[in-house]
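Undergrad: got a structure for you, letters missing:
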């Protein structure tokens with residue numbers, strides 16, 4: 001039987017057994033609508049309130065500053081559009097390497113008459129805080145910069161950007177989907193007014209996420225209906241999911257620091273092993289300021305999809321740094337923004353390690369990568385750009 005190694009934790013994580021156990025009663029035993037006034041509804045409401053308190057405690061914020069959503073994409077849409085539409089018109093600042101949930105929200109705002117500045121990044125995928133300062137205009141109404149990039153793992157200087165935003169009196173939204181539960185987040189010290197986070201990146205269930213909104217921040221809803229979430233996000237609450245998110249943050253509070261140290265060491269072990277055995281390989285992203293378990297490597301003159309499929313045959317799950325759409329392969333918008341040459345960008349492969357990753361897994365991956373890349377290069381060379 002082929003060995004199976006999962007190195008795609010930035011895409012999604014397995015639900016932690018403690019989280020599954022916490023959720024199970026809310027599928028069949030405690031199933032009332034939390035908006036109902038009867039006992040069944042009150043039991044569900046109590047579970048939602050308790051989970052909200054747990055997440056608030058983890059983030060060190062007030063429970064009434066949290067809004068539960070269906071996922072990181074909704075949280076990002078709500079965060080950016082909610083800030084902009086509450087102000088009616090004006091200028092928004094973001095970066096060229098944001099998740100598409102932010103980029104396409106910004107484009108939608110442009111279509112409605114808002115002006116948007118897309119800041120460049122350096123060779124490591126990092127935004128220069130001074131560039132944020134220079135981009136400010138009298139009509140700037142929102143800044144949205146991610147905490148860390150999901151592809152290359154670079155952690156942004158959010159604290160410095162937040163200080164600039166606060167000095168200018170401009171609300172600051174941060175997409176923290178990739179950092180929530182992996183590294184420490186202090187919304188006060190970082191000057192964050194709205195923060196997107198998600199459950200399934202931290203061993204919680206899919207379909208549940210949230211948005212922190214600092215008390216007093218002017219924000220409008222983008223989903224309309226009932227009175228849910230204090231009229232900020234209409235729709236019946238996903239009670240099992242919310243309970244799962246609450247349980248997941250308790251596990252993260254306990255395990256986050258030790259796991260970050262462990263997977264960082266394994267990540268470095270993998271990189272050192274691969275570059276010792278594979279020629280023409282480079283690390284994408286910042287060498288030190290990056291997510292604990294993320295390693296994005298480019299193999300020159302190789303198509304990343306070939307490596308992903310070759311590793312999949314060996315039971316290893318990684319992701320491509322380029323997206324294949326409608327039969328044509330294009331380099332990642334993140335790598336393009338970083339100025340990575342095409343012959344390197346087309347061969348980008350991301351590995352994201354997690355709680356189940358072992359040293360034996362890493363050694364197996366290193367040997368498999370060396371074999372697969374050599375085979376692909378021999379059979380399918382891609383001319384240099």
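TA: Happy to help now that I have it. These figures come from a predicted structure and were not determined experimentally. Residues are numbered from 1 along each chain as shown.
Undergrad: Residues in contact with stretch 157-171: which ones?
TA: The contact list for stretch 157-171 (CB atoms under 8 Å, 6 or more residues apart in numbering) reads 83, 126-127, 129, 132-133, 136, 140-143, 145, 147, 172, 174, 189-194, 217-218. (Glycine included, C-beta is placed from N, CA and C.)
Undergrad: Spell out, range by range, the strands that occur in the stretch 201-350 of the chain.
TA: 209-213, 281-284, 294-299, 316-317, 319-320, 322-325, 328-331, 348-352 (DSSP state E, counting those that start in this stretch).
Undergrad: still on that earlier bit, now, the contacts of stretch 157-171 that are in helices?
TA: Residues of these located in helices (DSSP state H): 83, 129, 132, 133.
Undergrad: Tell me which other helices or strands the helix ranked longest in the chain touches.
TA: Under DSSP H, the helix in the chain containing the largest number of residues is helix 239-277. On a contact count with 3 or more CB pairs under 8 Å, 6 or more residues apart in numbering; DSSP states H and E, helix 239-277 meets helix 17-23, helix 25-28, helix 39-59, strand 281-284, strand 294-299, helix 359-379.
Undergrad: I'd like the mean pLDDT over that helix, please.
TA: Mean pLDDT, helix 239-277: 98.
Undergrad: picking that back up, so can I have a markdown table of the strands of the stretch 201-350 of the chain showing mean pLDDT, distance to residue 226 and mean neighbour count?
TA: Converted to a markdown table, the strands of the stretch 201-350 of the chain look like this (pLDDT from 0 to 100; distance: least, CB to CB, whole Å; neighbours: other CB atoms under 10 Å):
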| stretch | mean pLDDT | distance to residue 226 | mean neighbour count |
| --- | --- | --- | --- |
| strand 209-213 | 98 | 18 | 27 |
| strand 281-284 | 98 | 45 | 20 |
| strand 294-299 | 97 | 39 | 26 |
| strand 316-317 | 98 | 40 | 20 |
| strand 319-320 | 94 | 38 | 20 |
| strand 322-325 | 39 | 37 | 14 |
| strand 328-331 | 70 | 41 | 13 |
| strand 348-352 | 97 | 37 | 27 |
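Undergrad: Distance to residue 32 added to these, as TSV?
TA: Output for the strands of the stretch 201-350 of the chain, formatted as TSV (distance: least, CB to CB, whole Å):
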stretch	distance to residue 32
strand 209-213	22
strand 281-284	49
strand 294-299	41
strand 316-317	38
strand 319-320	39
strand 322-325	42
strand 328-331	48
strand 348-352	38
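Undergrad: To residue 70, which of those strands lies closest?
TA: Of all the strands of the stretch 201-350 of the chain, strand 209-213 sits nearest to residue 70, with 6.8 Å by CB to CB.
Undergrad: Show me what the closest one is packed up against.
TA: Counting contacts by 3+ CB pairs under 8 Å, 6+ apart, strand 209-213 packs against strand 66-69, helix 72-87, strand 194-198.
Undergrad: orientation of it relative to helix 72-87 in degrees?
TA: Going by axes from the mean of the first three to the mean of the last three CA atoms, to 10 degrees, strand 209-213 is angled at 30 degrees with respect to helix 72-87.
Undergrad: follow-up on the earlier one: between the strands of the stretch 201-350 of the chain, which gets nearest to residue 252?
TA: Proximity to residue 252, assessed across the strands of the stretch 201-350 of the chain by CB to CB, is greatest for strand 209-213 (13.8 Å).
Undergrad: That closest one pairs with which strands?
TA: Here strand 209-213 has these sheet partners by DSSP bridges: strand 66-69 (antiparallel), strand 194-198 (antiparallel).
Undergrad: Just say which of those is most tucked in.
TA: strand 194-198 (a mean of 29; mean count of other CB atoms under 10 Å).
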